[in-house]
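Undergrad: Predicted model follows, preceded by the sequence.
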Amino acid sequence: AQSVTQLGSHVSVSEGALVLLRCNYSSSVPPYLFWYVQYPNQGLQLLLKYTSAATLVKGINGFEAEFKKSETSFHLTKPSAHMSDAAEYFCAVTEGGSTLGRLYFGRGTQLTVWP
Amino acid sequence: DTAVSQTPKYLVTQMGNDKSIKCEQNLGHDTMYWYKQDSKKFLKIMFSYNNKELIINETVPNRFSPKSPDKAHLNLHINSLELGDSAVYFCASSQFEFRTGGTFYNEQFFGPGTRLTVL
């Protein structure tokens, strides 16, 4: 079965600093991986996705993530944090085939950006 | 245009009541989901429908009954509400895309959520 571990439930950075949110997954078959962002009192918005094409994936708002099979990781990065990046970030995994689209979410990482 | 919409946004009710949450998507997707987000923000799938047919039914109490009148709508009815049902409920939709080898991925689009508070 799939699972996702997000290391660090809270990450704080200064505006302009590098953002690194960690995600490790376990999957018995090649996974499809997603990062979603949730702003306060809102739904989830897709930031980016990995679907077995390029291992370095670029998303919206300057975020990118790299799929590393050997490390079973899909960490999210952004070179320079902005105040508007403050939100909850969720990593999620799904497999193809019989899982019928089940998304398994990590427990989320709250990103705080200091001025 | 709102892609996935839910009503109501907030729902406050007493224990023992019955309530419904409605979800509609205008993306033309064939699959819809209900997720529950608990107070610690953990998201867990509850149900999924594909073309009005139930395809995922996690270990959810049978007080929860989803209904899909058509593929653009998926409603959630909850009987005999309990304190532990307090959470944010998210609806989502996706379109299966089949790829070589029979595998697929699905990118899910989420609604704004319904915050249910049971007193």
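TA: That came through fine.
Undergrad: Check which helix or strand the most centrally placed residue in chain B maps to.
TA: A centroid search over chain B (C-alpha atoms, centre = their mean) returns B:Trp34, at 2.0 Å, as the residue closest to the centre. Assigned by DSSP states H and E, B:Trp34 falls within strand B:31-37.
Undergrad: Sheet partners, orientation included, of that strand?
TA: Sheet pairing here is set by DSSP bridges, and for strand B:31-37 it gives strand B:43-50 (antiparallel), strand B:87-94 (antiparallel).
Undergrad: Tabulate these in JSON lines, adding columns for mean neighbour count.
TA: In this view, the C-beta of every residue, glycine as well, is placed from N, C-alpha and C. Output for these, formatted as JSON lines (neighbours: other C-beta atoms under 10 Å in any protein chain shown):
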{"stretch": "strand B:43-50", "mean neighbour count": "21"}
{"stretch": "strand B:87-94", "mean neighbour count": "24"}
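Undergrad: Output those in JSON lines; the columns should cover distance to A:Pro30.
TA: Formatted as JSON lines, the strands paired with strand B:31-37 follow (distance: least, C-beta to C-beta, whole Å):
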{"stretch": "strand B:43-50", "distance to A:Pro30": "21"}
{"stretch": "strand B:87-94", "distance to A:Pro30": "19"}
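Undergrad: so can I have CSV of those strands showing distance to A:Tyr36 and mean pLDDT?
TA: Output for the strands paired with strand B:31-37, formatted as CSV (distance: least, C-beta to C-beta, whole Å; pLDDT from 0 to 100):
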stretch, distance to A:Tyr36, mean pLDDT
strand B:43-50, 9, 89
strand B:87-94, 10, 95
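Undergrad: which stretch among those comes nearest B:Asp18?
TA: strand B:87-94 (15.0 Å; C-beta to C-beta).
Undergrad: which residues touch the closest one?
TA: Residues outside strand B:87-94 that contact it (C-beta atoms under 8 Å, 6 or more residues apart in numbering or on different chains): A:43-44, A:101, B:3-4, B:6, B:21, B:23, B:25, B:27, B:29, B:31-39, B:43, B:74, B:76, B:106-111, B:113-116.
Undergrad: Name the residues of chain A found near chain B, please.
TA: Selection of chain A residues close to chain B by C-beta under 8 Å from any C-beta of the partner chain yields A:30, A:32, A:34, A:36, A:38, A:41-46, A:49, A:51, A:88, A:90, A:94-97, A:100-103, A:105, A:107-108.
Undergrad: now the end-to-end length of stretch A:51-67.
TA: End-to-end span of stretch A:51-67 (C-alpha to C-alpha, to the nearest Å): 10 Å.
Undergrad: Any buried residues in that stretch, and which?
TA: A:51, A:57, A:59, A:63-65, A:67 (16 or more other C-beta atoms under 10 Å in any protein chain shown).
Undergrad: mind listing which of the residues you listed are in strands?
TA: A:57, A:64-65, A:67 (DSSP state E).
Undergrad: From the residues you listed, pick the one nearest A:Ser9.
TA: Of those, the one sitting nearest to A:Ser9 (C-beta to C-beta) turns out to be A:Ala65, at 18.7 Å.
Undergrad: distance of the closest one from A:Thr112?
TA: Distance, A:Ala65 to A:Thr112, using C-beta to C-beta, to the nearest Å: 20 Å.
Undergrad: just A:Leu33 next, same as before
TA: With distances taken as C-beta to C-beta, A:Leu33 is found 24 Å from A:Thr112.
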